[in-house]
Structures are given as C-alpha cells and as structure tokens.
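K.L.:
Take this sequence and fold it.
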Amino acid sequence: MINITYDAASPSERTAVALGYFDGLHLGHIGVITAALAKHELKPAVFTFNCDTTLPKFQNPEDIISFENKCELMQKVGVEYLYAPDFAEVCGYPAEEFVTEILMKRLNAGFACCGRNFRFGKGGSGTPEILKELGKKHGFEVEIVPDVCHNGEIISSTHIRELIREGEIEQANTLLGYDLWYRLPVIHGNHIGKSLEFPTINQIIPETNIVPKFGAYKSFVDIGGRHYRAITNIGVKPTVTDRHDGSGAVMETHIIGFDGDLYGQRISVSLIGFIRPEQKFASLDELKKQLNLDKLAALQ
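P.N.:
Residues are numbered from 1 along each chain as shown. You can find the predicted model right below:
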C-alpha cells in the first residue's frame, strides 16, 4: 500500500524521489518515476501536489485524472512513499529550503530525479540544474530525466488534453499508457434510458477535470473486478433535457450484459474509443435506433 505522508515522520529508509506535478501520469511522467524505481537500494518515493490551490500555470484546473486515481497508478508501478502537499503550503519556500525541508527532512532523500522543465522554490526559481548543485551540497544524487517522445514528438499533458477535447481518445490513451478512466459515484438520472431498454448509470465529471468531446464512446466498466463492454455518452443529453447551466458534464453509461443496482457506488469507467458526436434527435425512437448502432460499434 502506498504511504501518503502529510504530518507523519519521514521514512526511516533513504528514498529515491521523483519530483513533478504528474498531472496526467502519462508515459513521460512514468519515465521520471522509473528513474527513481531504478535505484533498488533506495525506497521509491514521489513528491507532487494535491492541489486545492491551483498551480500558477493552470488558471482553471483541468485534471486529466483525479488525485485518487493518480495514487492508485503510482502504487501499481511500485511507488512506496508519496508526499503531496497543497501548492500553497510550499510555494513560498526558497529553493534551498525546499531541498532541506522536503527532500531531506520530509522524504529522507538519497536520490532525486525530475524532468528538464521541473521548477521548485519561490517563484519557480529552482531549476533542475540548481537542484543538482544543491544535491551535491547536501549529499544526494540528482538525475535530470530526458523527455519521452512518441513518433518524434515530446509527450506532454498539454497535447494529451488537446486530444481528449477533440475526442481523439485512442491517441490520448497511447500517450497516457493507460485508458482514460474515471471512478465516480453513480447518481439518479431521469430513467429515460431504462424506458428505451438501454438502462444507464449516471455520473458527473467534476468541474476540475478536463471534459472529453461531447459524444458517444466505446468504454469498459469495472464492477467488482469484472470488466463489461459499454457505451458512454458524455454531454448535456440534448434530446431529453434543456440543461445548459454550465455545471459538470453528465457521463451516462449503458453497461452491456449487466443488470443490477449500482446507485451510490463509485464505479470505474474507462474510455477506449470515440463513436460519434453528441446530437439531438427528433424523437426517442430515433434515439433508440442510434443507441442500437452505438451498441454494435462498442462490441466491435
């Protein structure tokens, strides 16, 4: 189990610390974490942020995955310690104080690694090169990890967000290294899907998350460790509602081959392919016809 440390004592073992915001935990981020994992004589750790206060580069938060999901993925790759303060708690530290208070006292670092764009300390004054100098001064090794590329292009969270907004979910998943997924509570909807013989679970994408292009997606749903194929529609349901209040997008998922009550449960839905844009139908019969076509597409 990953040890998320806030006010607890620092690890008794020395650690190898990967530093970064790791907002999508994509393959580029995994490259940095892998450098820490390679130090087998040290315990693998991560320093990141669990932001109630937005980082300066994000005027409006657009998390690719939730902090909870990020922790789960870190645990799967082998991270044992995680320190994730709110940005506001540490943004005022001068660069050397960041090193002494966080890397040394909080995480007992014997090694630290980061990407070339990582910044730390007050005003982002600390660069990877400064971190190397401070590492020499305070007795720990520092590695600046090269960018990870795909088809000659640097993998970045900015590019992945663009792909998600455009509905290019398969490309986004390739760069993430996993299928974009949400684990959200199931809420009550208007039950129209059930009347069309397409019952759905309804979930609300948090406003802090990036919202994929409105439309229908092939998806997988995890229920108790069993995976089901599904159709997920993301949007405002224009055929059955006039809702345009700007609140979180609705994620409606028809789980193929499942019949059960999931209300109140936190259910994982993974998007694996874009089927079509969201559209308004002239009647519920037309909507049902399209849902049958979507189901065929999801099963291919």
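
K.L.:
what ranges do the helices span in the stretch 201-300 of the chain?
P.N.:
Assigned by DSSP state H, counting those that start in this stretch, the helices in the stretch 201-300 of the chain fall at 284-299.

K.L.:
residue ranges with poor pLDDT in it?
P.N.:
In the predicted model of the stretch 201-300 of the chain, residues 237-248 satisfy pLDDT under 70.

K.L.:
okay, now S156: neighbour count?
P.N.:
If you count neighbours by other C-beta atoms under 10 Å, S156 ends up with 16. Where C-beta positions appear, they are placed from N, C-alpha and C, glycine not excepted.

K.L.:
isn't it right up against G28?
P.N.:
Yes - when contacts are counted by C-beta atoms under 8 Å, S156 is listed as touching G28 (6.9 Å).

K.L.:
Which strand or helix spans T34?
P.N.:
Element membership for T34, per DSSP states H and E: helix 27-37.

K.L.:
Could I get the buried residue list for that helix?
P.N.:
Of the residues in helix 27-37, 27-37 count as buried by neighbour count, 16 or more other C-beta atoms under 10 Å.

K.L.:
wait, which of these is closest to A230?
P.N.:
Within the buried residues of helix 27-37, the smallest distance to A230 is 25.5 Å, found for L27 (C-beta to C-beta).

K.L.:
nearest residue to the closest one other than its sequence neighbours?
P.N.:
In this structure, L27 finds its nearest non-sequential neighbour in G177, 4.4 Å apart by C-beta to C-beta, 6 or more residues apart in numbering.

K.L.:
measure that neighbour to N209 for me?
P.N.:
When C-beta to C-beta, to the nearest Å is the yardstick, G177 and N209 sit 19 Å from each other.

K.L.:
What ranges does the stretch 151-300 of the chain have for its strands?
P.N.:
Secondary structure of the stretch 151-300 of the chain (DSSP state E, counting those that start in this stretch): strands at 153-154, 181-185, 201-204, 215-223, 226-235, 250-255, 266-277.

K.L.:
And the contacts of the fifth one?
P.N.:
Residues outside strand 226-235 that contact it (C-beta atoms under 8 Å, 6 or more residues apart in numbering) are 200, 205, 211-221, 249-258, 269, 271, 275, 278, 291, 294-295, 297-299.

K.L.:
can you check the first one too?
P.N.:
Residues outside strand 153-154 that contact it (C-beta under 8 Å, 6+ apart) are 28, 147-148, 159.

K.L.:
buried subset of these?
P.N.:
Burial by neighbour count, 16+ other C-beta under 10 Å: within these this picks out 28, 148, 159.

K.L.:
I'd like those as TSV, with pLDDT and distance to L131 appended.
P.N.:
Conversion of the buried ones among the contacts of strand 153-154 to TSV gives the following (pLDDT from 0 to 100; distance: C-beta to C-beta, whole Å):
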residue	pLDDT	distance to L131
G28	96	18
V148	96	19
H159	96	25
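
K.L.:
could those go into CSV alongside distance to Y263?
P.N.:
Rendered in CSV, the data for the buried ones among the contacts of strand 153-154 read as follows (distance: C-beta to C-beta, whole Å):
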residue, distance to Y263
G28, 38
V148, 41
H159, 37
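
K.L.:
from the buried residues of helix 27-37, which is closest to L19?
P.N.:
If you rank the buried residues of helix 27-37 by distance to L19 using C-beta to C-beta, V32 comes first, at 7.7 Å.

K.L.:
any residues touching stretch 65-77, and which ones?
P.N.:
Taking contacts as C-beta under 8 Å, 6+ apart, the residues outside stretch 65-77 that touch it are 1-2, 4, 22, 24-25, 30, 33-34, 37, 46, 48, 50, 82, 84, 178, 180-183, 206, 209.

K.L.:
same question, stretch 260-268
P.N.:
Under the criterion C-beta under 8 Å, 6+ apart, residues 181-188, 201, 203, 221-223 lie in contact with stretch 260-268.

K.L.:
any idea which of these has the most stuff around it?
P.N.:
Looking at those with neighbours defined as other C-beta under 10 Å, the largest count falls to I201 at 27 neighbours.

K.L.:
got a list of what the residue nearest to that residue when sequence neighbours are not counted touches?
P.N.:
For I201, ignoring the flanking residues on the chain, the nearest one in space by C-beta to C-beta, 6+ apart is V186 at 4.6 Å. The contact partners of V186, taken as C-beta under 8 Å, 6+ apart, are 201-203, 262-267.

K.L.:
Repeat the analysis, applying 10 Å as the threshold.
P.N.:
By C-beta atoms under 10 Å, 6 or more residues apart in numbering, the contact set of V186 is 200-203, 253, 261-267, 269.

K.L.:
Closest one of these to K122?
P.N.:
Of all the contacts of V186, the one with the least separation from K122 (C-beta to C-beta) is R266, at 37.9 Å.
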